[in-house]
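A.B. asks: Pasting the sequence and the predicted model now:
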Amino acid sequence: MDLHFGDSKPTDDERAAVDALLGPPESSWEGADRSDADLRWARGGREARDRRDLLLPGLHAINDRIGWISEGALDYLCRRLTVPPAEAYGVATFYAMFSVKPRPATVLHVCTDIACAAAGASELCAGIEARLGLGSGVSVERSPCLGLCERAPAALAIKAGDPVRTAVAAPATVHDAVLAASAPDSAPEEPAAAMAVPQAGGDELVLLRRVGVVDPLSLDDYRANGGYSALRRAFALGPAGVIREVTDSGLVGRGGAAFPTGRKWQATASQPDHPHYLVCNADESEPGTFKDRVLMEGDPYALVESMTIAAYATGAHKGYLYLRGEYPRALHRMEHAIAQARARGFLGDDVLGQGYAFDIEIRRGAGAYICGEETALFNSIEGYRGEPRSKPPFPVEKGLFGKPTVENNVETLVNVLPILTMGAEAYAAIGTERSTGPKLFCVSGSVARPGIYELPFGATLGELLELAGVREGLRAVLLGGAAGGFVRPDEMGIPLTFEGTREAGTTLGSGVVMAFDDTVPLPRLLLRIAEFFRDESCGQCVPCRVGTVRQEEALHRIVERTGAAAADDIALLREVGRAMRDASICGLGQTAWNAVESAIDRLGAYE
């Protein structure tokens, strides 16, 4: 592809897709017809740079309408935004959901990640490809985790057009997946979000108490079940009072880093530079994680309310919800909730008549695990490749658009609602002294009742798996997803707290709990984890870019050899793993060796 502005022209559909997002071009410099456009001026300078963040939505607009991004379409989008084509090409090729090569309008993404691999994803792919055959007009693509682990194996069909149509098949059979791809409007409707919550309706629930009880589309239903009482208390307390309550509650981040939320909010609020921004990280791409999807599908107004509270406390007037591109139903639910909240005065220039202005904009991810890292997410929103930034400066000082930014994931934010409604002291009484409050766990794999479970911190791994109905022949449990670690069946007494798992030599991470029985081939599972990290490495730093490749190569060799040769490769794995852990820029490289290391040391995977 010519990386300068070329002679390729967009089709009428491609032009219409871009113009629907950006409006009609105002000059021929932006691609307007020379016959009716003013040639004397061009949009540029600061105004052009301020539009750079529309690059990712523009790529989505083209991909949604056409199914792929042609040279002519990319060229037209670059002219509209005054973005160098070389940079836009680098962004378009960064994301797995985009293609710069021709492909059919319908793409069927079949998950081949950990939970789905254990549930027969390879056989499902083979059956789909055999059924569709050549010339079917459907592109079958093996995909990383789709966030549907409780219904593995899973498939997501996306049919480009105006509008784009999607359908989910989960648990997928060959027939259901082919139907979703060939006739998405005729595919069976997805089950309600409550089906992913085995405890739905239980009196003991705090974070999940509305899932399956209220209509997720009804703002009135949400308010009738306690909605917006937390925001009203926030306005009564004032920003400093809200931060004090969150700090006293002991709430820490639920995405895996466990950083104290109150400290992060206070650090952002105290920055003199303005504007401040709020970013909700809903790009949960860790294999085995699906709690944020269930919250957004089953209780979307709770996220809108909690984002409003966080923004009010930190002095932000604009919030961004960065949502996984593989979550079409969550996208529709959040779009509806934001629109309803805006129409009813819960978002906008004067929230609840309190003189406080706040609004939320949704930005869709496009299939990049690395964008779960906060600074990579900022780059993605700004229209650059989703590569992590070096720290310092930290996001509370210079985050999104170089301004003070507070970033939290969905589960962290919705915890703010019970903190304000029940009070910090009552909230802190739940769980343990160092890990307070309730925690959501994503349980999948060899269990009878996979789904999202809510338990207070301090419950044991055995208690959680007993609720989920663990099957006989349990061989291992993976805590924390692909970036986590394995534990043995005789370690069920591990307390599910940040400090408890750390003392046990593993990690809680974002709350992933995947059980595997003795029918799952462990070496193949480890190889899939290595393939995942190799695919998802952004390639920015050498330790991760090279190390993830060397890790996968060594695991391939170990599967094929035994004895001294295997011992040499295990020694190489340890050396490479240490280098990645010590020298990688971000958490992806730093944790890429964790699961393999734990399988070797705790499970004797290759003995």
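C.D. replies: Yep, that arrived.
A.B. asks: Strands of the chain, start to end?
C.D. replies: In the chain, the segments counted as strands under DSSP state E are 106-111, 138-143, 155-159, 165-169, 276-282, 316-323, 359-364, 405-409, 438-445, 451-456, 474-479, 485-487, 512-517.
A.B. asks: Redo these as JSON lines? Include mean pLDDT.
C.D. replies: Shown next, in JSON lines, are the strands of the chain (pLDDT from 0 to 100):
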{"stretch": "strand 106-111", "mean pLDDT": "97"}
{"stretch": "strand 138-143", "mean pLDDT": "94"}
{"stretch": "strand 155-159", "mean pLDDT": "97"}
{"stretch": "strand 165-169", "mean pLDDT": "96"}
{"stretch": "strand 276-282", "mean pLDDT": "98"}
{"stretch": "strand 316-323", "mean pLDDT": "98"}
{"stretch": "strand 359-364", "mean pLDDT": "98"}
{"stretch": "strand 405-409", "mean pLDDT": "97"}
{"stretch": "strand 438-445", "mean pLDDT": "96"}
{"stretch": "strand 451-456", "mean pLDDT": "97"}
{"stretch": "strand 474-479", "mean pLDDT": "95"}
{"stretch": "strand 485-487", "mean pLDDT": "95"}
{"stretch": "strand 512-517", "mean pLDDT": "96"}
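A.B. asks: As TSV, those strands with mean neighbour count and distance to Phe498 would be great.
C.D. replies: Backbone N, C-alpha and C define where each C-beta goes, glycine included. Conversion of the strands of the chain to TSV gives the following (neighbours: other C-beta atoms under 10 Å; distance: least, C-beta to C-beta, whole Å):
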stretch	mean neighbour count	distance to Phe498
strand 106-111	25	29
strand 138-143	19	31
strand 155-159	27	32
strand 165-169	23	33
strand 276-282	26	18
strand 316-323	22	24
strand 359-364	18	29
strand 405-409	27	15
strand 438-445	26	9
strand 451-456	22	13
strand 474-479	23	12
strand 485-487	25	14
strand 512-517	25	14
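A.B. asks: residues touching Cys538, list them.
C.D. replies: Listed by C-beta atoms under 8 Å, 6 or more residues apart in numbering, the contact partners of Cys538 are 94, 368, 370, 376, 385-388, 544, 588.
A.B. asks: Out of these, list just those in helices.
C.D. replies: Under the assignment DSSP state H, the contacts of Cys538 contribute 376, 544, 588 to helices.
A.B. asks: nearest to Arg344, of those residues?
C.D. replies: Distances from Arg344 to these, taken as C-beta to C-beta, are shortest for Ala376 (34.5 Å).
A.B. asks: what does the model give that closest one for pLDDT?
C.D. replies: Listed pLDDT for Ala376 reads 96.
A.B. asks: so it touches Tyr384, yeah?
C.D. replies: No - assessed by C-beta atoms under 8 Å, Ala376 is found out of contact with Tyr384, at 9.5 Å.
A.B. asks: For these two, indicate the residue with more neighbours.
C.D. replies: More neighbours surround Ala376 than the other of Ala376 and Tyr384, with 25 against 18 (other C-beta atoms under 10 Å).
A.B. asks: mind listing what the more buried one touches?
C.D. replies: With contact taken as C-beta under 8 Å, 6+ apart, Ala376 is in contact with 368, 370, 386-389, 538, 586.
A.B. asks: Leaving out chain neighbours, which residue sits closest to Val447?
C.D. replies: Setting aside the residues directly before and after it, Val447 is nearest to Ala468 in space (C-beta to C-beta, 6 or more residues apart in numbering), at 4.1 Å.
A.B. asks: nope, Leu81 is what I meant
C.D. replies: Counting by C-beta to C-beta, 6+ apart, Arg51 is the residue found nearest to Leu81 once chain neighbours are left out, at 5.1 Å.
A.B. asks: ok, now Glu14?
C.D. replies: Distances taken as C-beta to C-beta, 6+ apart put Ala73 closest to Glu14, at 3.9 Å, once the chain neighbours are dropped.
A.B. asks: do the same with Tyr76
C.D. replies: The spatial neighbour of Tyr76 that comes closest, neighbours along the chain excluded (C-beta to C-beta, 6+ apart), is Pro10 at 4.1 Å.
A.B. asks: mind listing what the one you found touches?
C.D. replies: Residues in contact with Pro10 (C-beta under 8 Å, 6+ apart) are 18, 31, 70, 72-73, 75-76.
A.B. asks: circling back: which of the contacts of Ala376 lies closest to Ser249?
C.D. replies: Cys586 (28.4 Å).
A.B. asks: Quick check: bridge partners of the closest residue to Ile360 other than its chain neighbours?
C.D. replies: Take Ile360 and drop its neighbours on the chain: the residue closest to it by C-beta to C-beta, 6+ apart is Gly319, 4.5 Å away. Gly319 has the following beta-bridge partners by DSSP bridges: Leu278, Ile360.
A.B. asks: about what we covered before: before we move on, could you check phi and psi at the residue nearest to Leu81?
C.D. replies: phi -100, psi 0 (degrees, to the nearest 10).
A.B. asks: That one reaches Leu77, doesn't it?
C.D. replies: No - counting by C-beta under 8 Å, Arg51 stays clear of Leu77, with 10.9 Å between them.
A.B. asks: follow-up on the earlier one: measure the residue nearest to Leu81 to Lys403 for me?
C.D. replies: For Arg51, the distance to Lys403 under the criterion C-beta to C-beta, to the nearest Å works out to 17 Å.
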